[in-house]
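In: just the structure for this:
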Amino acid sequence: MTVERPTAVVLLLALLLGGALVLRPSGTTLAAWSDEVVVTVPALRTGGVRVDVAPSGSTSATIAMSGDVHGTWQPSAVRVGVDGRALTGSDLAGSTIEYRLATAGGTCPNGGAPAFTASPSGAGTSFTVTGQQITGARTLCLTFVPSDKVRAELGGRALSFATSVTGLAAGSSAWTASTAWSATQQLPAAPRVTGPTCSRGFLNQFVTLSWEWDRAGLAQNAARFSLQVDDRGTWREVGTAPVSSRPSATLSPYQFDVVTFDTYSVRVVAVLADGTTIPSSTTVRVRVERVGVGAAYCG
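Out: Okay, the predicted model is just below:
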């Protein structure tokens, strides 16, 4: 987008050709005339500033200023979306959007301090980017650092990033230009609980549930596992299990009401230290029959 400074304006040249010819044959008559010609001079275009963005990959772009003057630029704001839906700061809480300057050869650095950052928070969908102004053409590299919550909820999906870049002409606080740069980043796979499976216990006094836990590179591990049953549309915890390399737990009729004759869908939920929950992708059916004493069956 180009913003021009009105250093030259349209000039209107009004040529007033006039004169008065006075004849006084009798001393009482006054004659006068005048004429007017308007000449328009074309506008003169001088000055202009523009921010140019040339994407060089899914998460990088070369940014420069162009026009009749030089200046500085920086990313000023960013929006994040998934599947066409704008994400709020609350959706992205704990995550960081980082921008680094590529090397002279255009290679994006692997780590190091970012030149610009944005930390989403709140109910809004536009997040301020902070950092220093840049002079000249440079390649900017975007990196999204997701929180564990974002990885749990959106892992494996592609996020879109619309970054606004603002340029400022040298020597001016009001002569600016802006443009947008779109990038995408694929999130790592989400952590997951696979299973559970159900196996029969001795004399149907209990069933054993087994599952697998893949933290998929989360910063934190699960703090515990929650065993939950679907009780008429509401998930209710009926037991817990510690974290181990081969997690499992027993489910007995004595974890249910004194009088129970029902079949439940059972799931396992990984509970992280920060309270984030990751439910198993599938459930198993468990039949519970109890009148004082009772039995539990798979299926």
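
In: quick one: the helices in this structure, in order.
Out: All helices of the chain, identified by DSSP state H, fall at 148-154.

In: and it, what are its domains?
Out: The record's domain parsing of the chain by automatic domain parsing lists 7-41, 49-186, 192-298.

In: where does pLDDT dip in the chain?
Out: 1-49, 67-69, 171-175 (pLDDT under 70).

In: try 90 this time
Out: For the chain, applying pLDDT under 90 flags the ranges 1-53, 56-57, 64-72, 104-106, 111, 135-136, 167-179, 217, 292, 299.

In: buried residues of the longest strand seen in it, list them for me.
Out: Ranked by number of residues, the top strand in the chain under DSSP state E is strand 259-272. Residues of strand 259-272 classed as buried by neighbour count (16 or more other C-beta atoms under 10 Å): T260, Y264, V266, R267, V268, V269, A270, V271, L272. All C-beta atoms are positioned from the backbone trio N, CA, C, and that covers glycine.

In: from the residues you listed, which is closest to M65?
Out: Nearest to M65, judged by C-beta to C-beta, of those is L272 at 45.2 Å.

In: now the residue nearest in space to the middle of the chain. Nearest residue, chain neighbours left out?
Out: Closest to where the C-alpha atoms of the chain average out (C-alpha atoms, centre = their mean) is V80, at 2.2 Å. The shortest distance from V80 to any non-neighbouring residue, by C-beta to C-beta, 6 or more residues apart in numbering, is to L87 (4.7 Å).

In: equivalent analysis for P191, please.
Out: A216 (4.3 Å).

In: now do P279
Out: P279 sits nearest to V269 (C-beta to C-beta, 6+ apart), 4.7 Å away.

In: give the bridge partners for the one you found, please.
Out: S226, P279 (DSSP bridges).

In: tell me who's in contact with it.
Out: V193, F225, S226, Q228, T277, I278, P279, S280 (C-beta atoms under 8 Å, 6 or more residues apart in numbering).

In: let's see 10 Å
Out: Contact analysis of V269 by C-beta atoms under 10 Å, 6 or more residues apart in numbering lists 193, 222, 224-228, 235, 237, 240, 277-280.

In: that one and Q228, how far apart?
Out: 6 Å (C-beta to C-beta, to the nearest Å).

In: again, but for A54
Out: 51 Å.

In: same drill for the two, tell me which one is more crowded.
Out: Taking other C-beta atoms under 10 Å, A54 and Q228 do not tie; Q228 has more neighbours (22 against 12).
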